[in-house]
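Participant: fold the following for me, if possible:
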Amino acid sequence: QVQLVESGGGLVQAGGSLRLSCAASGVNFEWYVMGWFRQAPGKEREFVATISARGGRTSYADPVKGRFSISRDNAKNAGYLQMNSLKPEDTAVYYCASSPGTTTSDARKYNNWGQGTQVTVSS
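Facilitator: As a prediction, this is how the structure comes out:
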């Protein structure tokens, strides 16, 4: 089992940036695909981005393409989500998750989740 802990959330003005981190422990993080998801109040959890186990393949949800960047450092057992040009509609709790399979936007394929970190973007 992989244990995941997110950090880096906070309050930022529209147009600003935040970098979320996901610290992994428990097993070899490099074996797992990592994904970022978010959930806004009253809405379903939605896919944000995913990265393959070695970091060579990434995929993004349309609303964040060109603004967000996912990365990972397997030597540090860590993943990251750089968020630029933030918008009020990016406000949500952000979760990192790991999957033993291939990169996917399907949350059901991720079997380990962090507790989430709040991101609030003011207008």
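
Participant: can you tell me the centre-most residue of this structure?
Facilitator: residue 36 (2.4 Å; Cα atoms, centre = their mean).

Participant: state the pLDDT value of it.
Facilitator: Residue 36 is assigned a predicted lDDT (pLDDT) of 98.

Participant: and it, that's in a strand?
Facilitator: Yes - under DSSP: H, G, I helix; E, B strand; the rest coil, residue 36 falls within a strand.

Participant: for residue 123, see how far away it is.
Facilitator: Residue 36 sits 23 Å away from residue 123, going by Cβ to Cβ, to the nearest Å. Just so you know, the C-beta spots here come from the backbone N, C-alpha and C atoms, and that holds for glycine as well.

Participant: can you pull the contacts of the residue nearest to the centre of the chain?
Facilitator: 20, 22, 48, 49, 50, 70, 79, 81, 94, 95, 96, 97 (Cβ atoms under 8 Å, 6 or more residues apart in numbering).

Participant: that one bridge partners, please.
Facilitator: Assessed by DSSP bridges, residue 36 has beta-bridge partners residue 49, residue 96.
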